[in-house]
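>>> have a look; sequence and predicted model below, questions after that.
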Amino acid sequence: MKIALTGLPKSGKTTIFNALTGSEHSTDKYIPADSINIGVVQITDPRITQLSQLYKPKKTIYAHIEYRDYPGIFSQDIENAESSMIQDLKGCEGFALVLRNFVDDELDAIVGERNPLKDLMRFEEEMVLSDLIVAENRLERIELSYKRGVKTPAIQNEEKLLKLVCEDLREGLPLRNMELNAEDAKTLRGFQFFSQKPLLLLVNCSEDEYNQQEELLSQLSGRGYLAIAIAGRFEEELSKLDDEEAQVFMEDMGIASSIRDRLTQLSYQLMGYLSFFTVGDDEVRAWTITRGDNALTAAGKIHSDLARGFIRAECFSYDDIIQHGNEKILREKGLFRLEGKEYVVKDGDVISIRFNV
């Protein structure tokens with residue numbers, strides 16, 4: 001999973017990225033950022049820790065998320081749709097938009113006073129505009145293909161869908177709110193529209209104002225956004241402390257868990273993901289799939305051969321194995337299940353695939 005940390009210049013993206021990944025990239029307000037910072041964050045899942053203690057495998061592999069810290073987004077950058085940075089940004093599955101909500105007199109003079117709601121609207125407008133340009137260009141190419149005698153049912157269906165897309169975009173509506181059936185969603189997937197990507201809002205505030213963000217967060221939530229307050233500079237300093245020292249300061253601030261744990265959990269929530277597990281003497285591992293995915297999809301996640309030769313999925317729940325201690329007891333109690341291809345995988349399922357290739 002790739003999540004883009006993005007937003008307007010000097011909103012504190014790299015500060016939050018440093019806190020999240022333990023990096024030390026420059027956050028000098030006078031030096032313009034011109035490259036992408038990349039960090040991989042392991043998801044601390046206590047279930048994997050417990051399973052590892054139970055099975056004592058040679059390897060324990062947690063799920064992870066790749067966060068990519070992009071320079072501030074300008075209109076001219078978005079309009080340059082062929083730039084390598086914009087193409088890289090399109091490859092991310094979701095956006096974490098950093099909204100500046102801290103006072104800084106020098107930044108006020110450089111980029112203007114803080115206004116997170118205005119910044120959010122600007123970001124959404126630029127994403128929508130970029131998507132509209134892409135959709136309209138594609139419609140022009142479809143019209144040209146008609147003139148050349150190419151008019152297949154697939155192209156006609158695409159044209160009909162893109163016209164609906166353009167209607168929403170001209171109204172300023174992001175595509176993530178558009179209701180799509182599975183076939184239409186598949187058609188649009190290749191466009192990688194910006195405004196269709198899930199969006200998490202990170203309200204970057206000062207340490208002193210961290211506990212004063214309720215009204216703003218309520219406004220954002222009321223507009224349908226998933227949002228959280230983060231004292232970026234404070235969190236960056238916390239990331240440099242050992243766990244015991246950091247816990248003391250977190251308690252003083254009323255922060256229940258580290259920025260790493262909070263953002264990875266919210267990223268899963270944002271993307272609608274869940275974890276299933278594979279276990280054994282060699283390896284205990286967490287795998288990430290989308291809620292609603294079936295056993296065949298889970299098998300393919302592990303290895304394409306397992307999906308190709310799928311016979312059955314042997315399943316039991318994490319809670320059951322922790323409660324009873326071993327698989328033999330689960331079998332005796334009828335807690336082992338054999339499921340077919342269409343079984344909808346649940347969060348915390350432990351799965352072994354029977355297959356024949």
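Perfect, thanks for sending it.
>>> now do the strands in this structure.
2-7, 37-42, 59-61, 64-69, 94-100, 199-204, 226-230, 273-278, 283-290, 310-317, 337-339, 349-355 (DSSP state E).
>>> most tightly packed of these?
Across the strands of the chain, averaging neighbours per residue (mean count of other C-beta atoms under 10 Å) puts strand 94-100 on top, at a mean of 25. Every residue, glycine included, has its C-beta placed from N, CA and C.
>>> counting by contacts, list what that strand packs against.
strand 2-7, helix 116-147, strand 199-204, helix 259-271 (3 or more C-beta pairs under 8 Å, 6 or more residues apart in numbering; DSSP states H and E).
>>> what is the mean pLDDT for it?
Averaging pLDDT along strand 94-100 gives 95.
>>> for stretch 42-49, same thing?
Mean predicted lDDT for stretch 42-49 stands at 91.
>>> check contacts around the closest residue to Ser52 other than its chain neighbours.
Distance criterion C-beta to C-beta, 6 or more residues apart in numbering; nearest residue to Ser52, sequence neighbours excluded, is Thr60 at 4.2 Å. Neighbour list for Thr60: Ile48, Thr49, Ser52, Glu283, Val284, Arg285 [criterion: C-beta atoms under 8 Å, 6 or more residues apart in numbering].
>>> CSV for those, including distance to Leu241?
Putting the contacts of Thr60 into CSV (distance: C-beta to C-beta, whole Å) gives the following:
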residue, distance to Leu241
Ile48, 25
Thr49, 22
Ser52, 27
Glu283, 33
Val284, 30
Arg285, 30
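>>> and those residues, which is closest to Ile351?
Arg285 (10.8 Å; C-beta to C-beta).
>>> surely the closest one touches Phe276?
No - counting by C-beta atoms under 8 Å, Arg285 stays clear of Phe276, with 9.7 Å between them.
>>> and the pLDDT for the closest residue to Ala299 other than its chain neighbours?
Excluding the flanking residues, the one nearest Ala299 by C-beta to C-beta, 6+ apart is Leu306, at 4.0 Å. In this model, Leu306 is scored at 96, pLDDT.
>>> kindly report the same for the one 10 residues further on.
Phe316 is assigned a predicted lDDT (pLDDT) of 96.
>>> and it, how far is that from Glu251?
Noted for Phe316: a distance of 38 Å to Glu251, by C-beta to C-beta, to the nearest Å.
>>> also Asp320?
Taken as C-beta to C-beta, the span from Asp320 to Glu251 is 35 Å.
>>> neighbour count for these two, which is higher?
Asp320 (17 against 10; other C-beta atoms under 10 Å).
>>> neighbours around the residue nearest to that one when sequence neighbours are not counted, how many?
Nearest in space to Asp320, with sequence neighbours left out and distances taken as C-beta to C-beta, 6+ apart, is Leu335 at 4.8 Å. The local packing of Leu335 (other C-beta under 10 Å) involves 17 other residues.
>>> and for Ala182?
Burial of Ala182 is recorded as 7 neighbouring residues (other C-beta under 10 Å).
>>> domains of this protein?
For the chain, automatic domain parsing gives the domain ranges 2-44+63-115+197-270, 125-195, 292-355.
>>> which of these sits closest to Lys56?
Lys56 sits nearest to domain 292-355 of all those, at 12.3 Å, using C-beta to C-beta.
>>> got the end-to-end distance for the closest one?
End-to-end distance for domain 292-355: 22 Å, by C-alpha to C-alpha, to the nearest Å.
>>> tell me the one of the contacts of Thr60 nearest Leu99?
Distances from Leu99 to the contacts of Thr60, taken by C-beta to C-beta, are shortest for Ile48, at 32.8 Å.
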